[in-house]
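Chemist: test case, fold it:
(one chain, ligands or ions: 1)
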Amino acid sequence: MRIHVPDLCSAQHKSNPYPVYARLRAEAPVMRIVFGDKKPAWLLTRYDDVAAALKDPRLAKNAYRTLTPEEQAKAMPWTPGFLRPLTTSMLDQDPPDHTRLRTLVHKAFTPRAVESLRERIEVLTAELIARARARGSIDLLEELAVPLPITVICEMLGVPEADRARFRAMSNRLIGIVTPTDMLLAMPSMWMLMRYLRGLVESRRRSGGNDMLAALIDAEEAGDRLGEEELLSMVMLLLLAGHETTVNLIASGMLSLFDDHEALERLRSEPSLIKPAVEELLRHTSPVDLATERYTTEEVAFSGHVIPKGQRVFAVLGSANHDEQMFAQPERLQLDRDPNRHLAFGSGIHYCVGAPLARLEAQIAFTAILKELPGLRLAVPRASLRWKPATILRGLDQLPVHCTPAP
Ligand code: HEM
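Modeler: Okay, the predicted model is just below:
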């Protein structure tokens, strides 16, 4: 069955993708479309198919190695040479390279390692909230949801404070890239970002240190575990994945709570609910709407439909997380939902390495926001809020709020 699928990368679709996803799940759960970058792709929208695809080794990340040049040209978006670190991170690799790269960083993100950051995250959150209270009205996204995860990941990696605003501006340009034209227009920002990261690595090489970047440079200098381009890719991935997604969880999550006053008041009066509540906000907002692309290395069938070899596939996490076959009343925010087997962090070997950090940051942020800003409310009509056009992420453009009680 053919159904009309809107531009999945548009701001309009991102504002409420769930009715489209519900229709796809019911009528065309495995569907070939032309994606926002004008190249074909297959969409998987049912929970069971998405969960199976993420664990299936026949859906590979750098399957282009198995394709002919003609097949590559059809399936792969074009990327210029200087941007290779953007597309060669562990997220783009299969075993054994993926395993080697992931092993280098996963220890820094275990729940135990991340717990040692709790106090610092609480202090940062308290500072941001005090500033918000003093200002009276803020953009919760740019002034609270952005600085918290950016500061944490930059401190872990040792990115100097003076560089963070510039880094934020450059990364904002990257997530806005959807079409080949956007890609061309963003080239200067991307080139600058790469130049900045190379400079950062070189200066840390000289100065040394005991942060994660210094440890990665040691691994690179040891020679056998990390190549120079891989080092840049790793830093790039951690900086981008380490903040853009958590920003969206905090801002979109706050909006989900504004939309459901009862849930908001419940979480305020029962702060012990915070852990399941953050899981439910992850499910409900799905900050990574589509898992990153994968390629079929052979024919693979989902829900009885065969996808041929060499095809690009997107597993739609936002749809899986709203699948009524898996979650009762999926549009409802049920803060104590149990079980809650959401796929917001993906699944399988690429399962989000930063999940324990993202969880901790969100738990601390929501707890403090609800406790310290009792008058928090939207400062603009709900209908005026805009979402960013994006390929795989889903996030608000702004979230203007009043921090003090209504007069
Ligand atoms: C991978 C979501 C926060 C680092 C992923 C994937 C998802 C995801 C869905 C898998 C993508 C795929 O399979 O195509 C999220 C969400 C976050 C978040 C929703 C916040 C709410 C973070 C943080 C960090 C991080 C804080 C690091 C500081 C990574 C890395 C990968 C990854 C390095 C690649 C893992 C691999 O390829 O093995 N994330 N993430 N993420 N995430 Fe996150």
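Chemist: so which residues of the stretch 101-250 of the chain form strands?
Modeler: For the stretch 101-250 of the chain, the strands defined by DSSP state E, counting those that start in this stretch occupy 137-139.
Chemist: those residues of it touching the ligand, which are they?
Modeler: Within reach of the ligand by CB under 6 Å from any ligand atom, the stretch 101-250 of the chain has these residues: 102, 153, 237-238, 241-242, 245-246, 249. Any C-beta I mention is one placed from the backbone N, CA and C, and that applies to glycine too.
Chemist: between which two of those is the distance greatest?
Modeler: R102 and L249 (22.0 Å; CB to CB).
Chemist: and the residue lying closest to M183 once chain neighbours are set aside, what is it in contact with?
Modeler: Spatial nearest neighbour of M183, excluding adjacent residues (CB to CB, 6 or more residues apart in numbering): I177 at 5.3 Å. With contacts defined as CB atoms under 8 Å, 6 or more residues apart in numbering, the neighbours of I177 are 183, 186, 391.
Chemist: ok, the last one - contacts?
Modeler: Read it as T391. T391 touches 9, 36-37, 175, 177-178, 290, counting by CB under 8 Å, 6+ apart.
Chemist: could you rerun that using 7 Å?
Modeler: 9, 36, 178 (CB atoms under 7 Å, 6 or more residues apart in numbering).
Chemist: got the contact list for the last one?
Modeler: This means V178. 9, 36-37, 389, 391.
Chemist: ramachandran coordinates for it?
Modeler: V178 adopts backbone torsions of phi -120, psi -60, taken as degrees, to the nearest 10.
Chemist: ditto for W387
Modeler: Dihedral angles of W387 (phi, psi; degrees, to the nearest 10) stand at phi -110, psi 150.
Chemist: quick one: secondary structure of the residue lying closest to it once chain neighbours are set aside?
Modeler: In this structure, W387 finds its nearest non-sequential neighbour in K14, 4.0 Å apart by CB to CB, 6+ apart. Put simply, K14 is helix when judged by DSSP: H, G, I helix; E, B strand; the rest coil.
Chemist: relative to the ligand, how far out is K14?
Modeler: 15 Å (CB to the nearest ligand atom, to the nearest Å).
Chemist: what do you get for F35?
Modeler: 15 Å.
Chemist: residues contacting the closest residue to P17 other than its chain neighbours?
Modeler: Spatial nearest neighbour of P17, excluding adjacent residues (CB to CB, 6+ apart): G318 at 5.8 Å. By CB under 7 Å, 6+ apart, G318 lies in contact with 17, 21, 286, 289, 394.
Chemist: tally of neighbours for D338?
Modeler: 8 (other CB atoms under 10 Å).
Chemist: which element, helix or strand, includes the residue lying closest to it once chain neighbours are set aside?
Modeler: Once flanking residues are discounted, D338 sits nearest to P276: 6.6 Å by CB to CB, 6+ apart. Assigned by DSSP states H and E, P276 belongs to helix 274-285.
Chemist: show me what that helix is packed up against.
Modeler: helix 244-259, helix 355-372 (3 or more CB pairs under 7 Å, 6 or more residues apart in numbering; DSSP states H and E).
Chemist: could you look up the SS state of whichever residue of the stretch 1-150 of the chain sits closest to the ligand?
Modeler: As assessed by CB to the nearest ligand atom, the ligand sits closest to L91 within the stretch 1-150 of the chain, at 3.9 Å. Per three-state DSSP, the secondary structure class of L91 is helix.
Chemist: do F314 as well
Modeler: F314 - assigned by three-state DSSP - is strand.
Chemist: ok, so what distance separates A328 from the ligand?
Modeler: 22 Å.
Chemist: next: Q363.
Modeler: In terms of CB to the nearest ligand atom, Q363 sits 11 Å off from the ligand.
Chemist: which residues touch stretch 156-173?
Modeler: 108, 146, 150, 154, 186, 189, 192-193, 200, 204, 209, 211-214, 235, 238-240, 244.
Chemist: can you list the residues of the stretch 301-407 of the chain near the ligand?
Modeler: By CB under 6 Å from any ligand atom, the residues of the stretch 301-407 of the chain that approach the ligand are 317, 344-346, 350, 352-354, 357-358.
Chemist: can you tell me which of those has the most neighbours?
Modeler: L317 leads those on contacts (other CB under 10 Å) with 28 neighbours.
Chemist: from memory that residue sits against F345, does it?
Modeler: No - the pair L317 / F345 is not scored as a contact, 8.8 Å apart, by CB atoms under 7 Å.
Chemist: touching both of the two, which residues are there?
Modeler: By CB under 7 Å, 6+ apart, no residue touches both L317 and F345.
Chemist: grab the most central residue of this protein for me.
Modeler: Residue closest to the average C-alpha location in the chain (CA atoms, centre = their mean): T245, at 3.5 Å.
Chemist: in this protein, where is pLDDT below threshold?
Modeler: Along the chain, segments meeting pLDDT under 70 span 1-2, 63-84, 86, 175-176, 224.
Chemist: for the ligand, what's the nearest residue on it?
Modeler: Of all residues in the chain, the one sitting closest to the ligand is G354 (2.0 Å; CB to the nearest ligand atom).
Chemist: that residue touches A241, doesn't it?
Modeler: Yes - using CB under 7 Å, G354 is in contact with A241, at 6.3 Å.
Chemist: what's the burial count for the closest residue to M90 other than its chain neighbours?
Modeler: In this structure, M90 finds its nearest non-sequential neighbour in L101, 3.9 Å apart by CB to CB, 6+ apart. For L101, the count of nearby residues is 25 (other CB under 10 Å).
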